[in-house]
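Student: The sequence and its predicted three-dimensional model are supplied below.
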Amino acid sequence: MDHAQELRLELLYRAVTSTKPDQLTRPFPSAFDNDGEKQFAALLAALESDSADVVSWLSTLQPVIKLASPSLYDELQQQTGKASYPVTPTHVFTVHQPDSAKKQRFEQAKATYGSLLAYHGSGTECWHSIIGHGFVGHLNRSD
């Protein structure tokens with residue numbers, strides 16, 4: 001299992017063990033959905049055993065998470081300024097959105113309005129849903 005897969009597993013684990021698992025485990029693996037009732041205990045057991053089924057399902061999700069060069073962190077700090085506290089990450093990940101209508105809308109908005117680089121400080125339990133649905137969208141999804 002590579003570092004990006006380990007990260008996906010950890011983010012899903014944090015969502016399942018959070019105080020709001022129903023909201024934060026979107027998207028949710030269909031193998032653990034029993035007629036609309038999410039089987040959190042079974043999913044948690046699968047996550048704790050690094051189930052190949054869960055790893056396989058996570059590998060199908062979009063966008064894709066990839067391990068990046070640690071030098072990317074230095075580049076980001078040059079663009080945004082140094083952190084106010086000492087930080088030296090051991091891993092740097094990037095999120096890649098495949099060509100899609102969502103990506104095209106983003107590129108059109110970027111061309112019209114420009115873009116900026118920003119940091120987001122959500123808790124780790126939120127990131128499974130944020131990566132799947134975006135920063136605001138993860139709270140509004142019903143799937």
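Tutor: Yep, that arrived. Residues are numbered from 1 along each chain as shown.

Student: mind checking which helix or strand of this structure has the lowest mean pLDDT?
Tutor: Each helix and strand of the chain was given a mean pLDDT (mean pLDDT, DSSP states H and E); the minimum falls on helix 71-80 at a mean of 87.

Student: so what strands line up beside the following helix or strand past that helix?
Tutor: Using DSSP states H and E, the next helix or strand after helix 71-80 towards the C-terminus is strand 92-96. When sheet partners are counted by DSSP bridges, strand 92-96 sits next to strand 64-68 (antiparallel).

Student: ok now the partner strand, how far from the chain's centre?
Tutor: The gap between the average C-alpha position of strand 64-68 and the chain average comes to 10 Å, counting by CA atoms, centre = their mean, to the nearest Å.

Student: residues in contact with that strand?
Tutor: When contacts are defined by CB atoms under 8 Å, 6 or more residues apart in numbering, strand 64-68 is touched by residues 2-4, 7-8, 91-96, 98, 131. Backbone N, C-alpha and C define where each C-beta goes, glycine included.

Student: ok so, going back, touching the least confident helix or strand of the chain from outside, list them.
Tutor: Residues outside helix 71-80 that contact it (CB under 8 Å, 6+ apart): Ala83, Pro89, Val92, Thr94, Leu117, Ala118, Tyr119.

Student: mind running it again at 6 Å?
Tutor: Residues outside helix 71-80 that contact it (CB atoms under 6 Å, 6 or more residues apart in numbering): Pro89, Val92, Leu117.

Student: Without its sequence neighbours, what residue ends up closest to the first one?
Tutor: Meaning Pro89. On the basis of CB to CB, 6 or more residues apart in numbering, the spatially nearest residue to Pro89 that is not a chain neighbour turns out to be Tyr73, at 5.6 Å.

Student: Done for today, thanks.
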